[in-house]
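Chemist: prediction below, plus the sequence it came from.
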Amino acid sequence: MSVASRLASLRAELAAEAKACGRGPASIAILGVAKRQPLALVRQAIDAGLTDVGENYVQEARSSFGALPPVKRHFIGHVQRNKAVALVELFDVVQSVDRLEAGLALATAAQRAGRVLPVLLQLNISPSERFGCPPGEAERLADTLRERESLRVDGVMAIGPLTADRGEVERAFEVAAMTFARVGGSTLSVGMSGDWREAVRAGSTMVRIGTALFGQRDR
């Protein structure tokens, strides 16, 4: 199946799931995860109407973004303070601010670049996940970062637990949704190829799709 066909199929399934939840499909954006995917496949998705692309690594973004058509670029990897300047230069949104030091480094880099950088707070809702802010600390982190004029805290992102227990996934996404309601913003970025249905039911406004869109990575 072509990437365009996968994207069309995913949109149809998302629309059906959204309708079943009493939501409009336009309320849920698809972020194509380009991590280690061939550029040709990413271009095919953009040509088919994909408007948001996510990347986990600065080096891969440097080598790939210049070869892509215009698209909104999201950083979804772990934020390292020494990469803050590069992140501000390369990305339109940073989805993975999980601690104060990372947020402040981005704020300083954005201020020096003369821009306001939209960011999401990454929550830790999974026992298998190394990174992420504890949900109970997210409001305080958001309030502190909102004091910096060069940042716009626009919601939260989280990675669901790696488990076949769908109830555990649903409960984790409910925690993310409740935290999002407290933090505020427009974006609840939860749900990937294996758990986007649970994410939509929890209120996700953006699902991050790699394998279901581009197929299995070669490496």
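Modeler: That came through fine.
Chemist: using CSV, list the CA coordinates for stretch 116-125.
Modeler: C-alpha atoms of stretch 116-125 as CSV (Å, rounded to 0.1, in the frame of the first residue of the first chain):
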residue,chain,number,x,y,z
VAL,A,116,8.3,33.1,20.3
LEU,A,117,8.6,29.3,20.4
PRO,A,118,5.5,27.1,21.0
VAL,A,119,6.2,24.2,23.3
LEU,A,120,4.4,21.3,24.9
LEU,A,121,5.2,19.8,28.2
GLN,A,122,6.1,16.1,28.0
LEU,A,123,4.4,14.1,30.7
ASN,A,124,5.5,10.8,32.1
ILE,A,125,2.4,8.5,32.2
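Chemist: for that stretch, buried residues please.
Modeler: For stretch 116-125, the neighbour count (16 or more other Cβ atoms under 10 Å) marks 117-125 as buried. C-beta here means a position set from N, CA and C on the backbone, and glycine is covered the same way.
Chemist: please enumerate the helices of this protein.
Modeler: 3-20, 39-47, 58-64, 84-90, 100-113, 138-145, 166-183, 196-202, 211-214 (DSSP state H).
Chemist: related to what we said a few turns ago, show me the buried residues of stretch 116-125 that map onto strands.
Modeler: 117-123 (DSSP state E).
Chemist: between which two of those is the distance greatest?
Modeler: Longest distance between any two of those is 19.1 Å, between 117 and 123; criterion Cβ to Cβ.
Chemist: okay, and the helix or strand of this structure with the least pLDDT?
Modeler: Every helix and strand of the chain was ranked by mean pLDDT, DSSP states H and E. The lowest is helix 58-64, at a mean of 91.
Chemist: now it: buried residues?
Modeler: 58, 61, 64.
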